[in-house]
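Enquirer: coords please:
(one chain, ligands or ions: 1)
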Amino acid sequence: MALDAYWASRTSLIAEERSLRRDTAYIANLTESEKKAEETIRKIRATEAKTIWSVEHEEIPALFPGMEFLTARKLIEETQLFKILRKMPKGGLLHAHFDATVDTEVLFRIALKHPAIHVRVSGPLAADTASRPLPEFRALPVSQFGIAADIASSDYVGGTWIPLREARDRCSLGSEVFDDWVIGSMRINPTEAYKTHNSVTKIWQKFLSTFMVSKGLILFRPVYEEYVYEFLRSSIEDGIMYVEARINFRFKCLQRTMIGDDGEDNVDHAQWVEIFGQVTDRIMQELKEQGREDEFYGARIIYTAVRFISKKELEWYLEDCIALKQKFPHIIAGFDLVGDENVQHPLIYYAEPLLRFKERTKELGLDIPFIFHAGETLGDGDHVDQNLFDAILLGTKRIGHGFSMAKHPLLMKICRERGIPLEVCPISNEILRLTSSMPMHPLPIFFNNGVPIALSSDDPAVFGNLILSYDYYQVLVSSEVSGLITLAVTARDSIQFSTLEDSEKQELLQIWERRWKAFVEEICTLTP
Ligand SMILES: O=c1[nH]cnc2c1ncn2[C@@H]1O[C@H](CO)[C@@H](O)[C@H]1O
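Expert: Predicted coordinates:
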C-alpha cells in the first residue's frame with residue numbers, strides 16, 4: 001500500500017537523521033528500567049505542560065515551558081519533574097566561574113562573621129532604590145579598622161570605611177534595606193534582566209558590576225576558604241560529582257592578590273590553589289567518614305585571565321599558570337580567557353603568545369589544555385563569532401558556551417568527529433539575553449548534529465540557578481526529542497570530556513552508573 005511505504009520511508013528518514021545524535025546509541029540499548037523511567041518522565045512532562053505551564057496564573061501573564069527563568073523559578077520548583085531532577089547524578093560541572101558559585105546570601109553571612117571586613121560607598125545610602133551606588137568591601141588590618149557609623153546618614157562622608165557588621169546594625173534605613181542593597185548588588189533580578197537591562201550590552205554592565213562587589217568579600221583568605229567549602233558542599237548536594245572551576249587570577253602589577261588574615265595584601269596565587277586543594281581534600285575526607293565517598297570525585301581549577309589584557313600581560317599570566325601547574329599538577333586543569341567577547345580582544349589577537357605557550361608546555365612536558373570561551377554572541381561572521389574558528393585551530397579541548405556554533409555546519413561536524421564538547425549554559429544565555437527563552441535556544445541544533453554537550457550553570461550566584469537541576473529542567477521541558485536519557489548522556493559526557501586521566505574517567509563513570517541505576521529504579525516506583 002502506498003501509505004504503508006510512505007510511513008516506512010518517513011520512519012527511516014527520521015531515524016537516519018536521529019542517528020547523528022549522541023543519545024541514539026544509548027537509546028538502542030536501554031534496560032527495561034531505563035525504558036520505564038524515560039516513559040514516566042515523558043508522561044510527567046506532558047502532564048505538567050498542561051497543568052502548570054498552560055494555565056492562567058495570577059502574577060505571571062504568560063506561561064510556557066522553558067520561559068524566562070527568573071520569572072518561572074518558583075513554579076519550576078513546584079513541579080514534580082524538577083524534584084526528580086534534583087536527585088539525578090549529574091557527573092561533572094565543567095563550566096562555572098568560581099567567584100559566582102556560592103549563594104550571595106550565604107557569602108554575605110560568611111562575611112558578617114569577620115570583623116576585619118569593611119564597607120564603603122561613594123555617598124550616603126539613599127532611600128530611593130534607583131539611586132543607590134554599589135557597595136565596596138575590603139578586609140583591613142586591625143590598625144586601620146574604621147568606626148561604627150550610619151552609612152545612610154547625610155553625615156556619612158563618601159569613601160569612609162565602616163566595619164560591615166556595624167554598618168548593617170546602624171543603618172538608619174534598616175538592616176533589611178541594607179541587606180537588600182548588598183545582596184541585590186551581587187545578583188541580577190528579573191526587572192533588570194527583562195526590563196531595565198534587556199539587551200546583551202546592558203545586562204553585561206550589570207553582570208560585571210556584581211563581580212566588582214563580590215570580589216571584596218571573596219578575596220579575603222578566611223572567606224575564600226569558606227567559599228570553596230560552600231561551593232563544593234552545595235555542588236555535592238546537587239548531585240555534582242566532580243568540578244572544574246574557572247578561577248580568575250590577578251596580574252601582579254594590580255597589587256591586589258588576596259588579603260591575608262592580618263588584613264594585608266599578601267596571599268599569592270600558589271596559596272589560592274593550595275587552599276582550594278586543601279578544602280577539596282577536607283571535604284572528601286568528611287564524605288569518606290560518612291560513608292559517602294561515591295558522591296564526590298574531586299575538584300580542579302581552570303586558570304583564567306580576562307581578555308582585556310595586553311599580549312605582554314598574557315605572557316605573564318601564562319608563565320604564572322605554568323608555575324602553578326608545576327607545583328599543583330593535579331589541580332590545574334587548563335587555561336582560558338574570559339570576559340565579554342563582544343567588546344574585548346578576540347582570540348586571534350593573542351595567537352602569538354598562545355602558540356608559544358603550546359610549544360613551551362610541550363617542551364616542559366606539561367599538559368595544560370586550552371578550554372576556551374568562544375561564540376558567546378549573537379554575531380554571525382563577525383570577529384566574535386570567529387573566535388570559534390580560532391578556538392578550534394588553537395586546539396581547544398572544549399568550548400565554553402559556543403552559542404553561535406549553530407551557524408557553523410563544518411565546525412559542528414568537527415566537534416562531533418574530534419570530540420570537542422560545548423559547555424552549554426542555558427540559563428546564563430537566557431539571562432545574558434542571547435535568547436529570550438529556552439525554546440529559542442540553539443541547544444537542540446547541537447544535540448541533533450551530534451555535538452557533545454556538557455550542561456553547566458556558569459555564574460549561579462548571579463543568575464540564581466544555584467543548582468544545576470534548574471538548567472537540566474529548562475532543557476528537558478523545551479524539546480520533544482530530548483528526554484531523561486539525553487540528560488544522562490550529557491552527564492556521562494561531562495565525565496568523558498573532563499581533564500581527568502582515562503583510568504580516573506573509567507572509575508568515575510562506574511560510580512556514576514551505580515548512582516544512575518539507583519536513580520532510575522526510584523523513578524520506576526513513581527506513578528506518573
Ligand atoms: O558567561 C561568561 N562569559 C565570559 N566571561 C564570563 C562569563 N561569566 C563570568 N565571566 C567572567 O569571569 C569573571 C569572573 O571570574 C568575570 O569578571 C567575567 O569577566
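Enquirer: Kindly state the beta-bridge partners for the residue nearest the centre of the chain.
Expert: Residue closest to the mean C-alpha point of the chain, counted by Cα atoms, centre = their mean, is residue 458 at 1.8 Å. Counting by DSSP bridges, residue 458 forms beta bridges with residue 96.
Enquirer: neighbours of the closest residue to the ligand within the stretch 151-300 of the chain, just the number please.
Expert: Taking Cβ to the nearest ligand atom, the ligand has its nearest neighbour within the stretch 151-300 of the chain at residue 248, 3.8 Å off. Placement of C-beta: from N, CA and C, glycine included. For residue 248, the count of nearby residues is 16 (other Cβ atoms under 10 Å).
Enquirer: OK, contacts around it?
Expert: 97-99, 304-306, 338 (Cβ atoms under 8 Å, 6 or more residues apart in numbering).
Enquirer: how is this structure carved up into domains?
Expert: Domain assignment for the chain by automatic domain parsing gives 90-101+220-506, 105-211.
Enquirer: Any chance of those domains in CSV with mean pLDDT as columns?
Expert: Putting those into CSV (pLDDT from 0 to 100) gives the following:
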stretch, mean pLDDT
domain 90-101+220-506, 97
domain 105-211, 96
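Enquirer: The ones you listed into TSV, with extra columns for distance to residue 513?
Expert: As requested, those are exported to TSV (distance: least, Cβ to Cβ, whole Å):
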stretch	distance to residue 513
domain 90-101+220-506	9
domain 105-211	32
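Enquirer: Out of those, indicate the one that is most buried.
Expert: Mean neighbour count (mean count of other Cβ atoms under 10 Å) peaks for domain 90-101+220-506 among these, with a mean of 20.
Enquirer: How far off centre is that one?
Expert: Distance, stretch centre to chain centre, for domain 90-101+220-506: 8 Å (Cα atoms, centre = their mean, to the nearest Å).
Enquirer: One more: stretch 66-78?
Expert: With Cα atoms, centre = their mean, you get 18 Å for stretch 66-78.
Enquirer: Averaged pLDDT, it. What do you get?
Expert: Stretch 66-78 shows a mean pLDDT of 97.
Enquirer: Can you point out the buried residues in that stretch?
Expert: Going by neighbour count (16 or more other Cβ atoms under 10 Å), the buried part of stretch 66-78 is 66-73, 75-76.
Enquirer: and residue 240, backbone torsions?
Expert: Here is the backbone geometry of residue 240 (degrees, to the nearest 10): phi -80, psi 130.
Enquirer: typo on my end, it should be residue 301
Expert: Residue 301 adopts backbone torsions of phi -120, psi 130, taken as degrees, to the nearest 10.
Enquirer: quick one: the helices in the stretch 101-250 of the chain?
Expert: For the stretch 101-250 of the chain, the helices defined by DSSP state H, counting those that start in this stretch cover 104-112, 164-170, 175-184, 190-191, 200-218, 221-237.
Enquirer: Of these, which is nearest residue 294?
Expert: helix 221-237 (10.7 Å; Cβ to Cβ).
Enquirer: tell me what the closest one is packed against?
Expert: helix 104-112, helix 200-218, strand 240-248, helix 269-289 (3 or more Cβ pairs under 8 Å, 6 or more residues apart in numbering; DSSP states H and E).
Enquirer: So that helix, near the ligand or not?
Expert: No: on the criterion Cβ under 6 Å from any ligand atom, helix 221-237 is out of touch with the ligand, staying 12.6 Å away.
Enquirer: which residues are in contact with that helix?
Expert: Here helix 221-237 has contacts from 93, 98, 101-103, 106-107, 110-111, 114, 117, 139, 217-218, 243, 245, 258-261, 267, 271-272, 275-276, 279-280, 282-283, 287, 295-296, 299, 466-467, using Cβ under 8 Å, 6+ apart.
Enquirer: what's the first-to-last distance across stretch 261-277?
Expert: End-to-end distance of stretch 261-277 (Cα to Cα, to the nearest Å): 19 Å.
Enquirer: next one: stretch 401-408
Expert: So stretch 401-408: terminal residues 14 Å apart, Cα to Cα.
Enquirer: same question, stretch 287-304
Expert: 29 Å.
Enquirer: which ones are touching residue 324?
Expert: Residues counted as contacts of residue 324 (Cβ under 8 Å, 6+ apart) are 269-270, 273, 303, 331-332.
Enquirer: typo on my end, it should be residue 125
Expert: Counted by Cβ under 8 Å, 6+ apart, residue 125 has contacts 132, 151-152, 156, 171, 173, 177-178, 181.
Enquirer: repeat for residue 336
Expert: 246, 302-304, 370-373, 400.
Enquirer: Pick out whichever of these sits closest to the ligand.
Expert: Minimum distance to the ligand across the contacts of residue 336 is 5.1 Å, recorded for residue 373 (Cβ to the nearest ligand atom).
Enquirer: Return the backbone torsion pair for the closest one.
Expert: Per degrees, to the nearest 10, the backbone of residue 373 is at phi -70, psi 140.
Enquirer: I figured it hits residue 401, correct?
Expert: Yes: Residue 373 is within contact range of residue 401, at 6.0 Å (criterion: Cβ atoms under 8 Å).
Enquirer: Tell me the residues of the stretch 351-500 of the chain that contact the ligand?
Expert: 373, 376, 428, 458-459.
Enquirer: Which positions in the stretch 51-200 of the chain make contact with the ligand?
Expert: Residues of the stretch 51-200 of the chain lying close to the ligand by Cβ under 6 Å from any ligand atom are 97, 99.
Enquirer: hmm, try it at 8 Å
Expert: 97-100 (Cβ under 8 Å from any ligand atom).
Enquirer: mind putting those in TSV, secondary structure included?
Expert: Shown next, in TSV, are those (DSSP: H, G, I helix; E, B strand; the rest coil):
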residue	secondary structure
97	strand
98	helix
99	helix
100	helix
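Enquirer: Among the residues you listed, which one lies nearest to residue 415?
Expert: residue 97 (22.6 Å).
Enquirer: unless I'm mixing things up, residue 388 is touching residue 404, no?
Expert: Yes: between residue 388 and residue 404 a contact is recorded at 6.6 Å, counting by Cβ under 8 Å.
Enquirer: intersection of neighbour lists for the two?
Expert: residue 375.
Enquirer: what about the strands in the chain?
Expert: For the chain, the strands defined by DSSP state E cover 91-97, 117-120, 136-139, 162-163, 240-248, 298-306, 332-338, 373-374, 399-401, 422-424, 453-455.
Enquirer: dump the residue contacts of residue 260.
Expert: 221, 266-267.
Enquirer: from memory residue 219 sits against residue 265, does it?
Expert: No: with contact defined as Cβ under 8 Å, residue 219 does not count as touching residue 265 (9.0 Å).
Enquirer: Return the distance of the longest helix along the chain from the chain's centre.
Expert: Criterion DSSP state H: the longest helix present in the chain is helix 502-524. When C-alpha coordinates are averaged (Cα atoms, centre = their mean), helix 502-524 and its chain have centres 23 Å apart.
Enquirer: tell me the angle it makes with strand 91-97.
Expert: Per axes from the mean of the first three to the mean of the last three Cα atoms, to 10 degrees, the angle that helix 502-524 makes with strand 91-97 is 110 degrees.
Enquirer: can you list the residues that contact helix 502-524?
Expert: Here helix 502-524 makes contact (Cβ under 8 Å, 6+ apart) with 31, 33-34, 36-37, 40-41, 84, 87-89, 91-92, 239, 241-242, 294, 297, 484, 488, 491-492, 495-496, 498, 500.
Enquirer: List the buried residues of that helix.
Expert: So, applying 16+ other Cβ under 10 Å, buried residues of helix 502-524: 505, 508-509, 511-512, 515-516, 519-520, 523.
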